[in-house]
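Trainee: Starting from these lines, generate the structure:
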Amino acid sequence: MFCLSRTPGMSSGYFNRQTGVDEYHCHFVLLQAIISGTFSIIRQSLMLGCFPRVKIVHTSGIVEGQIYIPEANWTLMVLTIIVVAGFRDSLAISNAYGALTALPNVRLHTLRPAFLQVHCKDCC
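Mentor: Residues are numbered from 1 along each chain as shown. Reported below is the predicted structural model:
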């Protein structure tokens, strides 16, 4: 979204006009997904016995899966503060995010063919 607002010839409201969604609301949805995903992974790991015991607060008596884990919330807050303090700039954070999301694709498209070429000589 940063690129859309900084691209020459595009106005700052380009994303909003194309989708009808404000850019800031997208960030809130992303943050909520990270928090929900963290809680779900911890809950499933606890059920499988792969995670240390933590306190789980069920926030709804009607809807199953509405949970709150105080330790996870505090850990996410501390990690967020460390990341923001370490990078000191939103552009640096977005560049790091872009690099980290590109790494699996680089690995997939460079190392996999090399691995298959070495180990599967009779496959093709």
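Trainee: for the chain, which residue is closest to the average position?
Mentor: By CA atoms, centre = their mean, the chain has its centre lying nearest to I34, at 5.7 Å.
Trainee: who are the neighbours in contact with I67?
Mentor: 39, 43, 56-59 (CB atoms under 8 Å, 6 or more residues apart in numbering). Quick note: C-beta positions are derived from backbone N, CA and C, even for glycine.
Trainee: In this structure, where is pLDDT below threshold?
Mentor: Across the chain, the ranges flagged by pLDDT under 70 are 1-27, 119-124.
Trainee: hmm, try it at 80
Mentor: For the chain, applying pLDDT under 80 flags the ranges 1-31, 64-67, 90, 94, 97, 104-109, 111-124.
Trainee: quick one: the strands in it?
Mentor: Along the chain, counting by DSSP state E, strands occupy 57-58, 67-68.
Trainee: Any idea which of those strands gets closest to L111?
Mentor: strand 67-68 (38.1 Å; CB to CB).
Trainee: Contacts only, for A96.
Mentor: F87.
Trainee: What separation do you get for it and L79?
Mentor: 14 Å (CB to CB, to the nearest Å).
Trainee: repeat for G65
Mentor: G65 is 23 Å from L79, by CB to CB.
Trainee: Over to V57?
Mentor: If you measure V57 against L79 using CB to CB, the figure is 21 Å.
Trainee: Helices of the chain, start to end?
Mentor: Ranges of helices in the chain, per DSSP state H, are 2-6, 14-19, 23-48, 70-87, 90-106, 112-119.
Trainee: okay, now the domains of the protein?
Mentor: For the chain, automatic domain parsing gives the domain ranges 2-88, 89-124.
Trainee: Quickly compare those domains and say which is most buried.
Mentor: With neighbours defined by mean count of other CB atoms under 10 Å, none of these is more surrounded on average than domain 2-88, at a mean of 11.
Trainee: Verify the stated contact: the residue nearest to the centre of the chain with L76.
Mentor: Yes: I34 lies in contact with L76 (CB atoms under 8 Å); the separation is 7.5 Å.
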